[in-house]
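**Student:** Attaching a predicted model along with its sequence, questions to come.
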Amino acid sequence: MHSRRLVLRFPKEIVDQPIIINLVRDYNLDFNILKAQIFPRKEGLLVLELRGSADDFDSGVLYLEKAGVQVEPVGQGIRRNEDKCYHCGSCTAVCPTGALHVKRPEMEIEFESDRCSACELCVKTCPVRAMIVTFDKALA
């Protein structure tokens, strides 16, 4: 099973077309939406994890590109500076994927980086700036 996180940018001319459903129907791909900003008659942004066989994945990405969607690998991530974090929980209130959550009964904040969509909401919310944006040069 091949899996990658991708950023898809939809030009305003195609934002209302059923492009993603075709990935499921025609290319046997599964997806998990991590972030979406789509407005009628404006550019759309979709961050998703796309999964399937390597051949189906490649064919699906080629379909997206031919349809006019700009496809980019997610080239950044988030990490937590354990020395700075004092487990206040502010980040858990804004984390859309549940990557940051309270471990009970310890009342400590756990960070599951594999669930992180790199939306950066936690970076802005953390009062001690324990959450840090990292850039993966292999994906850039």
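**Tutor:** In hand now; what should we look at? Remember, it's a predicted structure, so these values are computed and weren't measured experimentally. Residues are numbered from 1 along each chain as shown.
**Student:** Tell me which residues touch Ser117, please.
**Tutor:** Each residue near Ser117 by C-beta atoms under 8 Å, 6 or more residues apart in numbering is listed here: Arg5, Leu34, Lys35, Val47, Pro96, Thr97, Ala99. Glycine gets a C-beta too; all of them are placed from N, C-alpha and C.
**Student:** ok, now with 6 Å
**Tutor:** Residues counted as contacts of Ser117 (C-beta atoms under 6 Å, 6 or more residues apart in numbering) are Leu34, Lys35, Val47, Thr97.
**Student:** Which element, helix or strand, includes the nearest residue to it once chain neighbours are set aside?
**Tutor:** Among residues not flanking Ser117 along the chain, Leu34 sits closest, at 3.3 Å (C-beta to C-beta, 6 or more residues apart in numbering). Element membership for Leu34 (DSSP states H and E) is strand 30-37.
**Student:** That strand - which strands sit beside it in the sheet, and in what orientation?
**Tutor:** Strands flanking strand 30-37 in the sheet, each with its direction: strand 44-52 (antiparallel) (DSSP bridges).
**Student:** Show which residues not belonging to the strand holding Leu34 make contact with it.
**Tutor:** For strand 30-37, the external contacting residues (C-beta under 6 Å, 6+ apart) are Leu45, Leu46, Val47, Leu48, Glu49, Leu50, Arg51, Ser117, Cys119.
**Student:** That'll do, ta.
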